[in-house]
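In: For reference, the sequence and a predicted model appear below.
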Amino acid sequence: TTQMAYFLIDGLTVIDLKISPLLVLSFGLPPETPSSFFSNNLVNNLAALLGVSTNMIRRVSIVSANNNTRVRRSGSGYTLIVELRTDEARNLTGYNATETEAFL
């Protein structure tokens with residue numbers, strides 16, 4: 001797909017726009033706690049399942065059905081969102097009460 005980006009800048013502003021290939025996959029999961037779903041091998045398991053290297057997996061999020069209206073209508077559970085990117089990975093880890101994120 002094609003997307004447009006619009007910027008309003010003054011004479012002193014510089015914008016570096018970097019475009020990189022990104023694939024976002026979304027899976028519906030049965031009800032369970034994010035802590036029971038996440039394990040030490042989650043990224044390795046996803047990489048093996050998708051047939052990609054682990055450094056391409058950038059972000060793994062589990063979003064509760066309580067926080068997503070579309071998921072709530074289809075039944076309780078979680079949505080697993082995986083972002084795959086081909087540029088160089090960062091080594092970061094983060095946690096949020098409504099969304100769990102693991103960065104490689």
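Out: In hand now; what should we look at?
In: part of a strand, is residue 28?
Out: Yes - assessed with DSSP: H, G, I helix; E, B strand; the rest coil, residue 28 lies in a strand.
In: That one pairs with what?
Out: With DSSP bridges as the criterion, residue 28 is bridged to residue 79.
In: hang on, it packs against residue 79?
Out: Yes - between residue 28 and residue 79 there is a contact under Cβ atoms under 8 Å: 6.0 Å. From N, CA and C alone the C-beta is placed, and that goes for glycine too.
In: neighbours around residue 54, how many?
Out: Residue 54 has 13 neighbours, counted by other Cβ atoms under 10 Å.
In: quick one: low-confidence parts of this protein?
Out: Applying pLDDT under 70 to the chain flags residues 1-2, 29-40, 62, 64-76, 87-104.
In: Do a quick rundown of the helices in it.
Out: Here the chain has its helices, by DSSP state H, at 34-37, 42-50, 69-73.
In: Out of residue 28 and residue 79, name the residue with the larger neighbour count.
Out: Between residue 28 and residue 79, counting by other Cβ under 10 Å, residue 79 is the more crowded of the two (18 against 12).
In: Many thanks, have a good one.
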